[in-house]
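Participant: Below: sequence and its predicted model.
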Amino acid sequence: MAEEIRRRGRGGRRRPSSSRAALRRKVRELRRLVPGGDEAPEGALLARAADYIAGLRARVELLRALAAACEVAAGQPMQAVGGGGGECMG
């Protein structure tokens, strides 16, 4: 009985094996992308992924603020890719 319950998805229907395989692939990819995800159980993996994403967002906001400060200090917008406006950091 317990095995039958595990095999069923929402609404009591069995999930096709292709969706289980797709889920396994996605979890494997998430483990690869999240630092420390290799050792984490699935529940902890999702929590780590959420924390990691929040940290990345905070870094992006910090870098945007630094770029804006450099633009103000240099008196001109910084180039998006490598060039000009580097006076702020150096």
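Facilitator: Perfect, I can see it now. Residues are numbered from 1 along each chain as shown.
Participant: Look at residue 73 and report its pLDDT.
Facilitator: Predicted confidence (pLDDT) for residue 73: 85.
Participant: That one: neighbour count?
Facilitator: Here the number of neighbours of residue 73 (other CB atoms under 10 Å) works out to 12. For glycine as for every other residue, the C-beta is placed from the backbone atoms N, C-alpha and C.
Participant: Please enumerate the helices of this protein.
Facilitator: Listed in chain order, the helices of the chain (DSSP state H) span residues 2-7, 17-33, 42-74.
Participant: Residue 34 - how many residues pack around it?
Facilitator: Number of residues near residue 34 (other CB under 10 Å) recorded here: 19.
Participant: And it, how close does it get to residue 51?
Facilitator: 9 Å (CB to CB, to the nearest Å).
Participant: the bottom helix or strand of this structure by mean pLDDT?
Facilitator: Within the chain, no helix or strand scores below helix 2-7, which has a mean of 51 by mean pLDDT, DSSP states H and E.
Participant: what about this protein, any weak spots by pLDDT?
Facilitator: Using pLDDT under 70 as the threshold, the predicted model of the chain has low-confidence ranges 1-16, 76-90.
Participant: mind redoing it with 50?
Facilitator: In the prediction, the chain carries residues with pLDDT under 50 at positions 1-2, 4-5, 85.
Participant: Can you tell me how far residue 61 is from residue 55?
Facilitator: As judged by CB to CB, residue 61 and residue 55 stand 11 Å apart.
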